[in-house]
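A.B. asks: Got a predicted model here, sequence first, then my questions.
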Amino acid sequence: MNSPYEGKFKVSQQYTLGTHDGLDLVGIDSKEIHSCANAEVIHVGWENAANHKQGFGYYVATKDDAAGKDGVKKIRYYGHLTENSARVKVGDKVKITDVLGIEGHTGYVIPDGPGGAHCHYEIRSAFYKGAKVYDVSSESGIPNVKDGVYDDGYRPKQSTAEKKTIEVMLEYEGHKYSGLLEEL
């Protein structure tokens, strides 16, 4: 599974081609939105600067570095972010899990206001309205189940078991060596 969240998140609205072309996701463990691909940032800002209640609201869009099986470098939309929360700018190269911004309730959200905060995650073939829309559930592995709670399993600061370090001394061809060895 490859989601824009680290840890637990909830699907608040399903993907339905032509009606709702992405998944609406709500962060449980974190509200940070992370890149789902190694990509270049191609948009940061409002869908409509004159009407902040329209469409995706404040969003980030990225273009994948690598083409998919169909030969297309996909465009990923991360919509409804908190105003001016972007941690990237157009032209930045991002890696999977880099923070793009913070989940919010800008643009057209239901319910309006903080209670409607989420990230609309959508994948298209190009950066324009009307471009082919991909089934984001199939692409990401996120189940297309309303109110489902999931965990993509990624933890950036997972502590690993403490490695064992020992002091050693050895003699080789008449020379003595000593030092520390750390477990791999």
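C.D. replies: That came through, no problem. Numbers count the residues shown, from 1 in each chain.
A.B. asks: and Val99, what pLDDT?
C.D. replies: If you check Val99, the pLDDT there is 97.
A.B. asks: Actually, Tyr134.
C.D. replies: Tyr134 carries a pLDDT value of 96.
A.B. asks: Run through the residues that contact it.
C.D. replies: For Tyr134, the contact set (CB atoms under 8 Å, 6 or more residues apart in numbering) comprises Lys74, Ile123, Arg124, Ser125. All C-beta spots, glycine's among them, are computed from the backbone N, C-alpha and C.
A.B. asks: now, which of these lie within helices?
C.D. replies: Using DSSP state H to define helices, no part of the contacts of Tyr134 is located there.
A.B. asks: Could you dump those into CSV with distance to Phe56 added?
C.D. replies: Output for those, formatted as CSV (distance: CB to CB, whole Å):
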residue, distance to Phe56
Lys74, 16
Ile123, 13
Arg124, 12
Ser125, 17
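A.B. asks: so where's this protein shaky on pLDDT?
C.D. replies: 156-163, 184 (pLDDT under 70).
A.B. asks: all strands for it, in order.
C.D. replies: Taking DSSP state E as the criterion, the chain carries its strands at 8-13, 23-27, 32-34, 39-46, 58-64, 75-79, 93-94, 99-102, 119-124, 149-151, 165-172, 175-182.
A.B. asks: Brilliant, that's me finished.
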